[in-house]
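> Attaching a predicted model along with its sequence, questions to come.
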Amino acid sequence: MTVYRARDGRATETDFSDGSTVYEVHSMKRTITNDATGQSLTENQIYHDLEWIDPSNGWIRGITSGQSIQQFYPGDVGPNGIVQEPAAYIIHGTTWWAWDPATEHQTEFRWTGTLTDICAVIS
């Protein structure tokens, strides 16, 4: 799989004194191509992402709203429970997630909206 990013995309990062960070991403077009089949998918990412460190356990928590792409790896908590194989989804909606830097795994994932399985589309 190859991912191509358009050069005209832009992102803004704002760090706050309470430790939270907000990311605004606009017009970050990504084309994802299955190298084996030649099938491609282009998605325009436009989203707002708020992240902070949970003082109770050190996890990074976030809320992402808009059009985004999220990847999952074996052992992560994904849309359908514990992920067995790498996966990636286009998400139009809102996600709530947590990442444990100690284990390098996503430990929580909830969503509203629509999910599109990128691997299924470009197979």
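The structure has been received and is ready for your questions.
> Name the helix or strand for the residue positioned nearest the centre of the chain, please.
The residue lying closest to the centre of the chain (Cα atoms, centre = their mean) is residue 70, at 2.6 Å. Element membership of residue 70, judged by DSSP states H and E, is strand 60-72.
> Tell me the strands beside that strand, with direction?
strand 40-53 (antiparallel), strand 87-100 (antiparallel) (DSSP bridges).
> Rounded mean pLDDT for it, please.
On average, the pLDDT along strand 60-72 is 94.
> Would you give the sheet partners of the helix or strand that comes right after that strand, along with the direction of each?
Elements were assigned by DSSP H and E; along the chain past strand 60-72, the next helix or strand is strand 77-78. Paired strands of strand 77-78, with direction, are strand 81-82 (antiparallel) (DSSP bridges).
> now what about the partner strand, what contacts it?
Outside strand 81-82, the residues that touch it by Cβ atoms under 8 Å, 6 or more residues apart in numbering are 75, 76. C-beta coordinates here come from the backbone N, C-alpha and C atoms, glycine included.
> ok, the spatially closest residue to residue 102 that is not a sequence neighbour to residue 83 distance?
By the measure of Cβ to Cβ, 6 or more residues apart in numbering, the closest residue to residue 102 outside its immediate chain neighbours is residue 58, 7.0 Å from it. Note on residue 58: its distance to residue 83, by Cβ to Cβ, to the nearest Å, is 22 Å.
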